[in-house]
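> attaching a predicted model along with its sequence, questions to come.
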Amino acid sequence: MTTSCHVEDTGLAWRKASRSNAGNDCVEIARISDGYLIRDSKNPDGPRLPLDAPTWAALIDDVKNCRFKL
């Protein structure tokens, strides 16, 4: 997993989930050279969570297979 939280993100293409509602109650992702950044859409200038490609793939697999108790 990427451990550095300081990533230059000027000019990144942030996107929300296609199923998010009209509000800002969701997360956004942006592709970076070695993985992805995740941020809170309500706080676009706030912290970003960096994930490398294998960690991102594992997260997506866990979400798709309902491995989280929400």
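Everything's here; your move.

> can you map out the strands along this structure?
Using DSSP state E, the strands found in the chain span residues 15-16, 27-32, 35-40, 49-52.

> so who does the residue most central in space within the chain touch?
Nearest to the mean C-alpha position of the chain, counting by C-alpha atoms, centre = their mean, stands I38 at 2.4 Å. With contact set as C-beta atoms under 8 Å, 6 or more residues apart in numbering, I38 has these partners: V27, E28, I29, R48, L49, P50, L51. In short, each C-beta sits where N, CA and C put it, glycine included.

> just to revisit the earlier point, adding mean pLDDT, write the strands of the chain out as JSON lines.
Shown next, in JSON lines, are these (pLDDT from 0 to 100):
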{"stretch": "strand 15-16", "mean pLDDT": "88"}
{"stretch": "strand 27-32", "mean pLDDT": "93"}
{"stretch": "strand 35-40", "mean pLDDT": "94"}
{"stretch": "strand 49-52", "mean pLDDT": "96"}
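
> now render the ones you listed as a markdown table, adding distance to A58.
Formatted as a markdown table, the strands of the chain follow (distance: least, C-beta to C-beta, whole Å):
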| stretch | distance to A58 |
| --- | --- |
| strand 15-16 | 20 |
| strand 27-32 | 15 |
| strand 35-40 | 12 |
| strand 49-52 | 9 |
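
> beta partners for the residue nearest to the centre of the chain?
Residues in a beta bridge with I38, per DSSP bridges, are I29, L49.

> from now on call the first residue 852
With the count now opening at 852, the last piece we talked about shows up as I889.

> for A904, give its distance to I911.
Distance of A904 to I911, given as C-beta to C-beta, to the nearest Å: 11 Å.

> before we move on, back to that, closest one to K920 among the strands of the chain?
strand 878-883 (18.4 Å; C-beta to C-beta).

> what are the buried residues along that closest one?
Neighbour counts over strand 878-883 (16 or more other C-beta atoms under 10 Å) mark E879, I880, A881, I883 as buried.

> got a list of contacts for it?
858, 860, 863-868, 887-892, 895, 901.
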